[in-house]
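# A predicted structure for the sequence below; I have some questions about it.
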Amino acid sequence: MKNFTSFADVDDYRVLLNKALEIKADPFGYQHVGRNKTVGLIFFNPSLRTRLSSIKAAYNLGAQAWVLNAGADSWTLEMADGAVMNGGTQEHIKEAIAVMSQYCDVLGVRTFPTLKDRDEDYQEVVFRKIMQYATVPVISLESATLHPLQSFADLITVAETKQKERVKVVLTWAPHVRALPQCVPNSFCDWFSEIDWIDFVITHPKGYELDPKFTKGARIEYDQRKALEGADYVQAKNWSSYKDYGQVISNDPSWMLTPEHMAGTNDAKFLHCLPVRRNVEVSDAILDSPNSLVIQEAGNRVFSMQTVLHELLS
Amino acid sequence: MKNFTSFADVDDYRVLLNKALEIKADPFGYQHVGRNKTVGLIFFNPSLRTRLSSIKAAYNLGAQAWVLNAGADSWTLEMADGAVMNGGTQEHIKEAIAVMSQYCDVLGVRTFPTLKDRDEDYQEVVFRKIMQYATVPVISLESATLHPLQSFADLITVAETKQKERVKVVLTWAPHVRALPQCVPNSFCDWFSEIDWIDFVITHPKGYELDPKFTKGARIEYDQRKALEGADYVQAKNWSSYKDYGQVISNDPSWMLTPEHMAGTNDAKFLHCLPVRRNVEVSDAILDSPNSLVIQEAGNRVFSMQTVLHELLS
Amino acid sequence: MKNFTSFADVDDYRVLLNKALEIKADPFGYQHVGRNKTVGLIFFNPSLRTRLSSIKAAYNLGAQAWVLNAGADSWTLEMADGAVMNGGTQEHIKEAIAVMSQYCDVLGVRTFPTLKDRDEDYQEVVFRKIMQYATVPVISLESATLHPLQSFADLITVAETKQKERVKVVLTWAPHVRALPQCVPNSFCDWFSEIDWIDFVITHPKGYELDPKFTKGARIEYDQRKALEGADYVQAKNWSSYKDYGQVISNDPSWMLTPEHMAGTNDAKFLHCLPVRRNVEVSDAILDSPNSLVIQEAGNRVFSMQTVLHELLS
């Protein structure tokens, strides 16, 4: 593995998953790998979970970390090649990323989608430039279209809790009050459609179809009840439309997950990447039930990051 | 000790105080306790001394630390149980605190009072919820009503400088230009009224009486000169009214501490938690005199925190 | 060396430079010096390179670091002695710096010029107060008039790349869209005019003369082409006028460095402290040529800081 930006960067997910379970069982057992290493973390967008879990992962591995809030510091980057920089941009991304590569051994970067220009977002214009100019391995801390550390943490959570060989995992769209990116659901599909021991089903209202390059032919079932039948795991998440890009095309409250919705499942465990809008996306009864794995899932963000750091720094 | 939020959490203050003096004498001698531990520090309010002294305390103990400026990151928490989160709040405190507990071994949190709703403040509504949802030990970095790390540092300062068995310590109200919380004086009373080798006296203009649950029957003397007579230590601090909650009911400049006020004391040492408004709360002559212990007192914030971390991580 | 604020603080630059090259060759070989040490970093102005390179330098040396954004935290310091602090300032610099000295073993501070009051800036009023009240060694992370860590990094870069005994180094003014401080060029002159194996030439339009106390009689050549003749190294940088203090008195685009300008040089290597306005200060062709050392130069910020920390903590 040279960088970590999507499922495609993973040589063999089974090996990576086993390493994660090993590291979780012995979090401080790999500190020779992180010794004298520094993890750089750049956020162009606010972050709570990713920031703190990445720092903890670095510490567990015996490494150090620094964080730069590129967004908050009103430090504006020029992205265009050949630009005459006589306006508001203060530094070209070419120098910025090359310089920051001098101050760390691996660079985690969070960018974000415009939700306006689909081509720009889905071509990952900003993230590709970062990859181009970085001289150390790059980890996506969430990009315009994907959030692979989250999906890997989700996979760890399913793997360590499943009670049988094959399990059915359902990704269900949920209502929200704002228009959200597709990163988390795209990435969930990118990973979960590839796992041989998972029957993966996606459910959402019509018009919320995700980019087929991430769903990869996975079953889409528009009837939420039908989709949830026999599910062992249910991941709920809102996203805005890919087709009518960035739009909220409907916000049907009947899609909010409640215990009634879970009735037809196989006593399914509940997943959500957090933060969650209680009683809008999911009811209190789901989040507060013993079947909810959301805190454990958030805890596994440490181990997905630590495993990726382990691979890239080894 | 399971958490550290007030004097009542301390099993035996003599043991804790002795440990602090031991740790100060050998600050790096306890690093086995902090090894592979991470201290999480969450600020809902700006901080200078508490932030930096807590980080230093973690480092001295061989631990790592991370800081989250919850206030600055426009990251709004829902506090109400059962809320339908379709408004401005983005995450319920229930998930936020449980998740952050996954990323550290002990959680320091600073909250702040409304200074408007006394019941809400004095019931420590926010801090109690944090305690409820945290799954690691919690340290108050100042709450709506108390600031125990400051009081413990004050006690260390008195203990290490006193020249005789029993000492007289006076807490005096001081003028200010703004309405300040009662946390520091409440907490000073909470601690100093319990110390058997301290004669503790509180002095302030009428109307500035603190909550009796913290003053615990300590002597209140409205005549500042009389209160200061024979004092070995004087701690000055402004606070707003508890009775007329959050109000500045008088701001008598004659209460500003000057060398004249100190004339009747036993050549008293001067204490202040800082920051201090020079020539408003206290005159330059007091702060710049050799009797001022304010910098040493601020330095002891490292050792009060380090001792508490030592207890909670042992 | 007791503090590090200008070339004059350096006992013998040859010894310091050799130590830097040794440290760069073995960055983790001096960790006994940083063990149990904490580097405090205070920024009254935003920073990218200085912040991250200083953190990395501390880590390389086995030390810890904390960062305080004094500017961003709306934490306003009183500078005036004897002030009655009944206005907007919340803490006197006397206490602030003395307290922060309690929480670290060496204090790096970045201040900035007003660009309005030349006397205040050139007397380094703020930085001198910081030096006065600090009880640990102080490192300038850039002050109102100087940026010694940058100049030291520039010197390391020249020393490690030069192909012959004596080299000619030219500092050339470059156009910009804003009025910038003189810190970097002042400091470059402060250092480079003192190096016995460097022929140092300064070139800029008339009216951009720097303070003679920093240029120290170095040759000033107003004809840029003539100045660049036979140069081995060219450092480009914009600055505003010292004479018409803080003013942009001309912004002649013909001073933008292009390959044409470099034609008369000895195939000169290019230096710039970054960030650089592409195609305003310097053309893409210069920055993207193999002769550009700007990324290596930025990387050497780690080693200039690490060497200074090594000296001050030894």
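Cool, the structure landed.
# give me the neighbour count for the nearest residue to residue A:125 once chain neighbours are set aside.
Counting by Cβ to Cβ, 6 or more residues apart in numbering or on different chains, the nearest residue to residue A:125 once its immediate chain neighbours are dropped is residue A:79, at 7.2 Å. Quick note: C-beta positions are derived from backbone N, CA and C, even for glycine. Residue A:79 has 14 neighbours, counted by other Cβ atoms under 10 Å in any protein chain shown.
# residues contacting residue A:79?
By Cβ atoms under 8 Å, 6 or more residues apart in numbering or on different chains, the contact set of residue A:79 is A:93, A:125-126, A:129.
# and residue A:126, by the same measure?
Applying Cβ under 8 Å, 6+ apart, the residues contacting residue A:126 are A:44, A:79, A:93, A:111, A:143-144.
# now with 7 Å?
Shown in contact with residue A:126 (Cβ atoms under 7 Å, 6 or more residues apart in numbering or on different chains): A:79, A:111, A:144.
# and it, what pLDDT?
Model confidence at residue A:126, expressed as pLDDT, equals 93.
# that one belongs to a helix, doesn't it?
Yes: counting by DSSP: H, G, I helix; E, B strand; the rest coil, residue A:126 falls inside a helix.
# just to revisit the earlier point, residue C:134: which of the contacts of residue A:126 is nearest?
For the contacts of residue A:126, the closest approach to residue C:134 (Cβ to Cβ) belongs to residue A:111, at 39.4 Å.
# around chain B, pick out the residues from the stretch 201-314 of chain A.
A:274-280, A:284, A:294-295, A:298-299, A:302 (Cβ under 7 Å from any Cβ of the partner chain).
# rebuild those as TSV, extending it with pLDDT, secondary structure and neighbour count.
Shown next, in TSV, are those (pLDDT from 0 to 100; DSSP: H, G, I helix; E, B strand; the rest coil; neighbours: other Cβ atoms under 10 Å in any protein chain shown):
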residue	pLDDT	secondary structure	neighbour count
A:274	96	coil	20
A:275	96	coil	21
A:276	97	coil	25
A:277	97	coil	24
A:278	98	strand	25
A:279	98	coil	20
A:280	97	coil	20
A:284	98	helix	16
A:294	98	helix	23
A:295	98	helix	18
A:298	98	helix	27
A:299	98	helix	23
A:302	98	helix	25
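# pick out the most distant pair among the residues you listed.
A:279 and A:302 (28.5 Å).
# contacts only, for the most centrally placed residue in chain A.
Taking Cα atoms, centre = their mean, the centroid of chain A lies closest to residue A:147, which sits 2.4 Å from it. Listed by Cβ under 7 Å, 6+ apart, the contact set of residue A:147 reads A:183-184, A:187.
# angles on the backbone of it, please.
phi -140, psi 70 (degrees, to the nearest 10).
# so it versus residue A:178, what's the distance?
Using Cβ to Cβ, to the nearest Å, residue A:147 is found at 17 Å from residue A:178.
# same check on residue A:225?
Following Cβ to Cβ, the distance that separates residue A:225 from residue A:178 is 26 Å.
# the helix or strand of chain A with the lowest mean pLDDT pairs with which strands?
Least confident element among the helices and strands of chain A, by mean pLDDT, DSSP states H and E: strand A:77-78 (a mean of 92). Applying DSSP bridges, strand A:77-78 is found paired with strand A:91-92 (parallel).
# next SSE downstream of the partner strand?
helix A:93-101 (DSSP states H and E).
# name the nearest residue to the residue of the stretch 101-250 of chain A found nearest chain C, sequence neighbours excluded.
Proximity of the stretch 101-250 of chain A to chain C (Cβ to the nearest Cβ) peaks at residue A:102, 3.7 Å away. Spatial nearest neighbour of residue A:102, excluding adjacent residues (Cβ to Cβ, 6+ apart): residue C:299 at 3.7 Å.
# could you measure from that neighbour over to residue C:306?
According to Cβ to Cβ, residue C:299 stands 12 Å off from residue C:306.
# same question, residue A:105
From residue A:105 across to residue C:306, the span is 16 Å (Cβ to Cβ).
# the stretch 101-250 of chain A: strands as residue ranges?
Using DSSP state E, counting those that start in this stretch, the strands of the stretch 101-250 of chain A run over A:106-110, A:138-140, A:167-173, A:198-203, A:219-220, A:233-237.
# list the contacts of residue A:27.
Residue A:27 is in contact with residue A:60, counting by Cβ under 7 Å, 6+ apart.
# so it: helix, strand or coil?
coil.
# what about it, distance to residue A:158?
Per Cβ to Cβ, residue A:27 is found 20 Å from residue A:158.
# how about residue A:110?
24 Å.
# nearest to chain C: which residue in the stretch 151-300 of chain A?
Nearest to chain C, among the residues of the stretch 151-300 of chain A, is residue A:275, at 24.4 Å (Cβ to the nearest Cβ).
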